Each structure stands twice: as C-alpha cells, then as structure tokens.
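got a sequence here, can you build the structure:
(one chain, ligands or ions: 1)
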Amino acid sequence: MEAKTIVITGATSGIGLAAASALAGMGHTLVCVGRDRDRCRHARESILRQAPQADVTYLLADLSSQKQVRGLAGEIKQAITGHRGESLDVLVNNAGGVSNWYTTTEDGYELQFAVNHLAPFLLTLELLPLLQAAPGARVLTVSSGSHRNMQMHWQDIMYSRKYNTLLAYKQSKLANVLFSYEFNRRYGQDSGPRAYAIDPGLVNTSIGLKGTSGLVHWIWEQRRRGGASPEKGAETVVHVASDQGVSNVQEVYWKDCRPLPPSKYARREAEAARLWALSERLCGVG
Ligand SMILES: NC(=O)c1ccc[n+]([C@@H]2O[C@H](COP(=O)([O-])OP(=O)(O)OC[C@H]3O[C@@H](n4cnc5c(N)ncnc54)[C@H](OP(=O)(O)O)[C@@H]3O)[C@@H](O)[C@H]2O)c1
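Residues are numbered from 1 along each chain as shown. Below is the predicted model:
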C-alpha cells in the first residue's frame with residue numbers, strides 16, 4: 001500500500017483522534033489540526049505511543065474563524081511541501097461541535113453552521129489545487145445519520161430568530177452531504193478529487209458535553225453510553241481514506257465501510273447548488 005498524505009481536522013479527540021491514530025499506524029503521513037496547543041501535544045504523544053515511527057504533525061486553528069481557516073490552509077501547504085511535493089491525497093473534514101446557545105463567530109455566523117459546514121467548505125476550496133495535483137484524491141466530511149428527516153432552513157439558515165440546538169446541528173450535517181454531492185458535480189469528474197460524506201453512527205465521544213449545559217448536556221451523557229468506541233466510529237473514515245477499492249465506487253455517502261443512500265433531500269441538485277452559492281458568498285470566494 002502506498003503511503004498517502006492525509007490532513008485531518010478535529011484530531012485531538014473522539015473520532016478524529018482515533019482515525020488519525022489508525023492512519024498513522026498504517027504508515028500514512030498525517031497533518032492533524034486542533035484548536036488547543038496542549039490537546040494537540042497530548043494527541044500527538046498518544047499517536048506516537050501507539051505508532052512510534054508515525055510521521056505526524058499538528059497545526060493549530062480555531063475553525064470558527066475564516067481568517068484562521070485561510071491561515072491554516074497556508075500552513076498545510078507549507079507542511080506538505082516540506083514532505084511530499086505539492087499534492088494532498090486526502091482531506092478529512094472531521095472537526096465539529098454542538099452549541100446549546102445561539103452564538104455567533106467573529107465573522108457573524110451561527111457557530112454550528114460556521115464550524116460544521118462553512119469551515120469544511122472553505123478549507124476544501126483553499127486546498128483544492130493541492131487535491132487536484134494528487135491522482136485519486138479524496139475529501140471526506142464527517143456527516144451524520146441525523147441529516148435524515150431534515151431540510152435546509154432557507155428562510156433563516158442560521159436559526160437566528162428561533163434557535164434550536166438540535167435542528168441547527170442536523171442542518172449542518174445535511175449540509176455536509178449536499179456539499180459532497182455538489183463538490184463531485186463540480187470537480188469530481190474523470191480523475192478529479194472525489195468527495196465522500198461519512199456517517200460514523202452513534203459514537204461515545206464528548207461532543208455533546210462541550211458547548212452545552214443543562215438538558216442537552218444530560219441527554220448526550222445518557223445517549224453516548226449506547227455509542228460505539230471512537231476506534232469503531234473511525235473505521236469508515238479510515239476505510240474511505242485509505243482503501244484502494246473505494247475509487248471504483250461512485251456512491252457518496254458511507255456508513256459501516258459500505259455505501260448507503262442518504263436521504264432523498266440530500267441528493268437534490270437544486271438544494272446543493274443553492275447551498276454552494278450561499279457558502280461562496282458567506283466565505284467570500286467564487
Ligand atoms: N459522536 C457521534 O455520535 C457522532 C455521530 C455522527 C457524526 N459525528 C461527527 O463526528 C465529528 C467528530 O465528532 P466527535 O464525536 O469525535 O466529537 P469530539 O470528540 O468532540 O471531536 C470533535 C473535534 O473537533 C474539534 N473542534 C471542535 N470545534 C472546533 C473548532 N472551532 N476549531 C477547531 N477544532 C474544533 C474538537 O477539538 P477539541 O478537542 O479541542 O474539543 C475535536 O478535536 C463531528 O463532525 C461530529 O458532528 C459524531
């Protein structure tokens with residue numbers, strides 16, 4: 001198996017750390033992203049304990065800030081150029097979070113929409129030339145089965161008038177699937193990079209404990225006990241990032257290391273095109 005260069009965001013805990021650990025152990029070169037210096041150091045140490053020869057670098061960025069996303073893309077380019085020339089085989093947009101309260105980022109956008117959707121959108125476009133330079137490159141975005149029974153809330157995309165934590169989260173995970181389909185329509189033809197939306201299933205991580213309190217915090221504390229381990233939850237990420245056979249499969253949405261149809265809504269071209277145009281405007285690109 002040929003060693004790949006892989007960027008993975010949110011690699012300081014949960015699914016991201018487990019995926020980074022597994023991929024580093026397979027001999028791939030990892031450029032990991034976290035938002036806290038100490039957590040990045042601990043994560044790197046834990047990867048190196050399991051795979052002492054691992055080639056793993058951590059970069060710092062708060063992905064709620066578009067300025068930091070752009071800065072991160074520049075640092076990734078530098079880190080990769082030092083390693084393997086100017087190409088990137090795999091980008092894993094994994095970082096994500098839940099916010100109990102209507103919170104706006106420094107760019108003025110609702111936090112979950114900004115971190116869970118706009119950051120992957122912008123980071124992917126910033127890294128597009130590197131991805132296009134790698135034959136068979138892949139862009140994975142960690143979505144969720146919670147995208148089902150959900151539609152885009154076009155009349156108030158940031159839920160600014162009547163904020164609902166769960167609906168804002170589910171919408172952001174639906175946006176991950178719409179983004180992946182639209183990316184493939186635009187860039188994934190022939191030998192271009194292909195995008196995949198990954199459904200990790202229910203995983204026992206701290207995601208619902210971080211930006212929450214009260215009932216939402218309590219519900220996640222109960223619910224996550226029924227979840228799989230982060231290592232199990234990372235299996236589909238690892239499979240789609242590294243398996244040769246995936247390139248021969250056109251399907252976009254993956255769960256349990258197999259393609260699975262997402263919701264009908266998530267496959268609507270018009271919704272995906274509308275989201276793409278809005279995201280371009282909100283990120284000042286295009
Ligand atoms: N757990 C589940 O059951 C489940 C199910 C479906 C989908 N997912 C998705 O899986 C992905 C990973 O979640 P997880 O469950 O593994 O949760 P997690 O353990 O909380 O991991 C989330 C990662 O994202 C990072 N992150 C959050 N906000 C960030 C920001 N503003 N800037 C930079 N990094 C940020 C976190 O950093 P810190 O370590 O500093 O907090 C952490 O590394 C998310 O996209 C989530 O929506 C999870």
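
for this structure, longest helix please?
Using DSSP state H to define each element, the chain has its longest helix at helix 165-187.

any idea how far that one is from the chain center?
Distance of helix 165-187 from its chain centroid, counting by CA atoms, centre = their mean, to the nearest Å, is 11 Å.

which elements pack onto it?
With contacts taken as 3 or more CB pairs under 8 Å, 6 or more residues apart in numbering; DSSP states H and E, helix 165-187 sits against helix 111-112, helix 119-132, strand 138-142, strand 194-199, helix 269-283. All C-beta spots, glycine's among them, are computed from the backbone N, C-alpha and C.

out of those, which is closest to the ligand?
Nearest to the ligand, of all these, is strand 138-142, at 4.2 Å by CB to the nearest ligand atom.

what does that closest one rub up against?
Under the contact criterion CB atoms under 8 Å, 6 or more residues apart in numbering, strand 138-142 has outside partners 10, 15-16, 89-94, 96, 120, 124, 131, 176, 179-180, 183, 193-198, 200, 237, 240-241, 246.

could the helices and strands packed on helix 165-187 go into CSV alongside distance to Arg161 and mean pLDDT?
Formatted as CSV, the helices and strands packed on helix 165-187 follow (distance: least, CB to CB, whole Å; pLDDT from 0 to 100):
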stretch, distance to Arg161, mean pLDDT
helix 111-112, 16, 98
helix 119-132, 23, 98
strand 138-142, 27, 98
strand 194-199, 28, 98
helix 269-283, 17, 98
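
and of those, who's closest to Pro262?
Judged by CB to CB, the one of the helices and strands packed on helix 165-187 that comes nearest to Pro262 is strand 194-199, at 6.8 Å.

anything in the closest one near the ligand?
No - Strand 194-199 lies apart from the ligand when judged by CB under 6 Å from any ligand atom; the minimum separation is 6.6 Å.

that strand pairs with which strands?
strand 138-142 (parallel), strand 253-255 (parallel) (DSSP bridges).

give me the buried positions along the helix or strand following it.
With elements assigned by DSSP states H and E, the helix or strand that comes after strand 194-199 is helix 207-210. Within helix 207-210, the residues scored as buried using 16 or more other CB atoms under 10 Å are Ile207, Gly208.
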